[in-house]
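Participant: Sequence and predicted structure are below.
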Amino acid sequence: MRKVFLFITLCLLFSNVNAQANDTTNDWSLVEKTLNMYIDGQATGDSAMVASSFHDSWQLKYATENEFNIVPKSKYIVGYKKHPKSNNWSGRIVFIDITNSVACAKVEISTSRLLFTDYFNLIKTNQGWLIVDKISTRTPHKTVETPAPKPKE
C-alpha cells in the first residue's frame, strides 16, 4: 500500500511541476509576442500595432538633461507614419523576467544614428500580456573617423 501511495504522490508532484513549466513557457512566448509586436510596429511606423501592445494606462518616461518627461499613450502613437523597414534598423529583446502575472523586459532598437534602450513593465490581463510602462534612453552610435589612405608616390 505504501508503494501505491508513494507512486500516486510522485505522479501528482511531477504533473504539477510539468504544468507550471508549461505555464511559464507559454507566458514567456506570450510576453515575447507582445514585445515583438511593439518592435515590428516601431520598425514600420505602424501605430496600430504599437498601440495594441500597450495597456490603456501606458506611459513613456524619459529624462533629458534637466527635465523628467511623461508621455501618455494617446500622445505617443499619433506621430507615426507607415514606412518600409529600413536596412539599417534592428530591434531585439535583450531579456525577459516573469514572476506570476507581471514581467519586465529590456529591448534595444538600433537605427543608423542611435541606440534606443527601452525597459518595459508588463502585466497579464484578460486581453493577454500588455506593456504598462516604458522607460527609455538613447545613445548616439560611436563613430570613428578613419584617415584616408595616403596616395602612393
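Facilitator: Everything's here; your move.

Participant: Give me the nearest residue to residue 92, chain neighbours excluded.
Facilitator: Leaving aside its chain neighbours, residue 92 sits nearest to residue 108 (5.6 Å; criterion: Cβ to Cβ, 6 or more residues apart in numbering). In short, each C-beta sits where N, CA and C put it, glycine included.

Participant: Restrict the host helix or strand of that neighbour to CA atoms and write it as PDB.
Facilitator: Assigned by DSSP states H and E, residue 108 belongs to strand 102-110. Extracted as PDB, the C-alpha positions of strand 102-110 are listed here (Å, rounded to 0.1, in the frame of the first residue of the first chain):
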ATOM      1  CA  VAL A 102       4.000  40.500 -14.000                       C
ATOM      2  CA  ALA A 103       7.100  40.800 -16.200                       C
ATOM      3  CA  CYS A 104       9.900  43.200 -17.000                       C
ATOM      4  CA  ALA A 105      11.900  43.300 -20.200                       C
ATOM      5  CA  LYS A 106      14.700  45.100 -22.000                       C
ATOM      6  CA  VAL A 107      14.600  45.900 -25.700                       C
ATOM      7  CA  GLU A 108      17.200  47.500 -27.900                       C
ATOM      8  CA  ILE A 109      16.400  49.300 -31.100                       C
ATOM      9  CA  SER A 110      19.300  50.400 -33.300                       C
END
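
Participant: That strand pairs with which strands, and in what direction?
Facilitator: Strand 102-110 pairs in its sheet with strand 90-99 (antiparallel), strand 114-125 (antiparallel), by DSSP bridges.

Participant: and that strand, average pLDDT?
Facilitator: Strand 102-110 carries an average pLDDT of 98.
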